[in-house]
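Trainee: Let's see this in three dimensions:
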Amino acid sequence: MKPETVPPPHLAAEAQWVEGELVRGLMRTQRHTTWVGLAMAVIVVGVLWTDVPPVRTLAWLAIAAVAAGWRWWVLQRYDREVVHRGTGEHLDFFRRHRFVWPFSALVWGLTAVLFFDRTSLGDQYVCWLALGGLAMLSVNSLSASLPAMRAYLDTFAATALAVMLWRMVAELHLMGPPYHWWQVALLLVFWLALRQGGRRLHETHRRNFELQSRNSQLIDSLTRQTQAALDAVEIKNRFLASAAHDIRQPVHALGLYADWLGSEPELVHELAPKIVESTKAVNRLFDSLFDLARLDSGKIRLNIATVDVAQLLRELELQYRPVCEAKGLEFRLRVQPGTAVSDPILLQRTLGNLVANAIKYTQRGGILLASRRGARGPRIEIWDTGVGIAPAHQREIFREFYKVPTHGGTEDGFGLGLYIVGRLTHILGHPLTLHSRVGRGTVFRLLLEPTDARAAQERAVASVAQMLPGRPRAPSPLRGPAT
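Mentor: Residues are numbered from 1 along each chain as shown. Got it, this is the predicted structure:
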């Protein structure tokens, strides 16, 4: 088979589903036709009882009872084992029990042995009428399955035709009345007409189920597109909430510098450079937010470079010291010179969120921002003397929009700061650890292992799916026990 002739997987799945629905449609009609067949058997026996030796009639009736019992057993088993199962089970059941219908047709075709050229023309007419009606009813009930319908009609016609020809040739030696041949011709025409009508009825059934399948696929496609649009809106809302969350701290610091300048103009030479630097920090943060928007779309290009750790921490001090001191807290900085390989903007964003989070949940004492050397690279630590985080919440805090219910100060936040930290540390490949004691404080340690640009880009693209509602979330970024 040429490769282009292989049906696409979705078409093969649709074809199997349609076949399963056709089998279901066939089986739904069989209980009714079984009762009609029993009624027809009673009528035929009643018509022929006085004209045919009882032994022949009873023998045929016994065979008919076996056929009816077989069909009834198949229906009971279908209702008990298959009716509520999948397409594959329906198709397999039909393949295993498909011979029950040709056997029923064989029994009805043998009816000609009882009446053809052996009873009055009136009785023969009634019997042919009953057989014709039963054949048309069977075509209607079996047309959902073209093989089953054809097997029934072909067996029925072949059996009746064989009985007629045996009577005409072997017993009457072609000396019977001429209308026998017209009856044979009528039987052949009737058989071909039923076959043609059954095929058209089957095509109608098949088209209906194909349309139903495609309508279902269209609805699923529209549902997915609608969900994609809702996801896009959710990502936009999440970005706006993140922007509002992260812009607050540098703007607050800028406002404090401006207030000090207004109340103490003589400090202009001291405060003006800080205002300029805070403005630059705001601009850098806006750049960071735009980078995050690209990150959420999976199209960001990470800028992996050598980062001066000491300079990075001093920029964070400039941004957060006034906020810390305005709250009556002490801000301490301990720096050991060193460099790291990372994205400077995203790394600053990560550390800024950790410092801002420490300030928010510390009411007395202070904050320590420190860098230390290690065998695997520089390590940055953020200490606070705040409320601490209970063990039950130490992994949950990295979930999106999660707020520790017992912490004061959560009502004015969005629950995004540590979520962003977790996501960015995962992308950059910087292990994060947490140690906290309730009522004593918390320390976050970020190990600045060198960031591999290609691996970081792959993690950035993979993380987009985790941003969408209903998708599996990334595990907590904590390395080791969070205790």
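Trainee: any idea how far Leu165 is from Met175?
Mentor: 14 Å (C-beta to C-beta, to the nearest Å). C-beta coordinates here come from the backbone N, C-alpha and C atoms, glycine included.
Trainee: do the same with Leu48
Mentor: With C-beta to C-beta as the criterion, Leu48 and Met175 are 24 Å apart.
Trainee: More neighbours: these two, which one.
Mentor: Leu48 (23 against 7; other C-beta atoms under 10 Å).
Trainee: I'd assumed Cys127 was in contact with that one.
Mentor: Yes. Between Leu48 and Cys127 there is a contact under C-beta atoms under 8 Å: 7.1 Å.
Trainee: Quick check: neighbours shared by those two?
Mentor: Common neighbours of Leu48 and Cys127, counting by C-beta atoms under 8 Å, 6 or more residues apart in numbering, are 114-115, 119.
Trainee: Relative to Glu325, which of the residues you listed is nearest.
Mentor: Nearest to Glu325, judged by C-beta to C-beta, of the shared contacts of Leu48 and Cys127 is Leu114 at 111.1 Å.
Trainee: Under the pLDDT cut-off, which ranges of the stretch 201-350 of the chain? List them.
Mentor: Residues of the stretch 201-350 of the chain meeting the criterion pLDDT under 70: 232, 235-236, 238-250, 277-278, 280-281, 283-300.
Trainee: Report the distance from stretch 82-94 to the chain centre.
Mentor: 23 Å (C-alpha atoms, centre = their mean, to the nearest Å).
Trainee: looking only at pLDDT, what's the mean for it?
Mentor: Stretch 82-94 carries an average pLDDT of 87.
Trainee: Render the CA-only coordinates of that stretch in PDB, please.
Mentor: The C-alpha trace of stretch 82-94 is given here as PDB (Å, rounded to 0.1, in the frame of the first residue of the first chain):
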ATOM      1  CA  VAL A  82     -22.000  -5.100  25.800                       C
ATOM      2  CA  VAL A  83     -24.700  -2.500  25.600                       C
ATOM      3  CA  HIS A  84     -22.900   0.100  27.800                       C
ATOM      4  CA  ARG A  85     -19.400  -0.700  26.600                       C
ATOM      5  CA  GLY A  86     -17.200   0.900  23.900                       C
ATOM      6  CA  THR A  87     -17.000   0.700  20.200                       C
ATOM      7  CA  GLY A  88     -14.400  -2.100  20.100                       C
ATOM      8  CA  GLU A  89     -16.500  -4.400  22.300                       C
ATOM      9  CA  HIS A  90     -19.600  -3.800  20.100                       C
ATOM     10  CA  LEU A  91     -17.700  -4.600  16.900                       C
ATOM     11  CA  ASP A  92     -16.100  -7.700  18.500                       C
ATOM     12  CA  PHE A  93     -19.500  -8.900  19.700                       C
ATOM     13  CA  PHE A  94     -21.000  -8.500  16.300                       C
END
